[in-house]
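Novice: Sequence first, then the predicted structure:
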Amino acid sequence: MASIRKRGSIWQSQVRRNGRRLSKSFQNRKDAQAWARGIEVDIERGLIAIEPCQPETTTLSDLIDRYLLEVTPSKRSADKESYRLRRIQKYPLAEIPVATLTPSDIARYRDKRLTTVGNQVVRHDLNVLGHMFGVAIREWNLPLT
């Protein structure tokens, strides 16, 4: 069942099934309701698999793929963010399961990246990773610390 709530001037629609949550924000309530109905129909038809995320088997690359599908398209700078995330997926960091990912892994990525690009580029990379982890924890119920 979907829940729709107003957060400031934005309407947020959430569909929850099997401990997993899909959510999206909209400018008006009708769009939020239509999206929720569409998602529920797709779930019933089996077009969207609702399985809880397992941090032991989910790699950073898997999270990036999901983020690119569900979050990035709604952003104004979707093309830039997609490029940035695809670039991160080329590093060995992307193959680490998120359950075992540590801050030192991120720091190694940062240091290696700083050898080829400037500070601002790396800062953008880390910002998008931080937002992705926030979405994974809050909206996808991924049990990360």
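Specialist: Received the coordinates, thanks.
Novice: When you work out contacts or count neighbours from here on, use the C-alpha atoms and nothing else.
Specialist: OK.
Novice: what's next to stretch 109-126, contact-wise?
Specialist: Taking contacts as C-alpha atoms under 8 Å, 6 or more residues apart in numbering, the residues outside stretch 109-126 that touch it are 84-85, 88, 91, 93.
Novice: Name the nearest of those residues relative to A34.
Specialist: L85 (29.2 Å; C-alpha to C-alpha).
Novice: Let me see the contact set for V128.
Specialist: V128 neighbours (C-alpha under 8 Å, 6+ apart): 81, 85.
Novice: tell me which strands and helices the host helix or strand of G38 is in contact with?
Specialist: In this assignment (DSSP states H and E), G38 forms part of helix 29-45. In terms of contacts (3 or more C-alpha pairs under 8 Å, 6 or more residues apart in numbering; DSSP states H and E), helix 29-45 is packed against strand 2-7, strand 10-17, strand 20-26.
Novice: got those strands as TSV, with mean neighbour count columns?
Specialist: Output for the helices and strands packed on helix 29-45, formatted as TSV (neighbours: other C-alpha atoms under 10 Å):
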stretch	mean neighbour count
strand 2-7	14
strand 10-17	18
strand 20-26	18
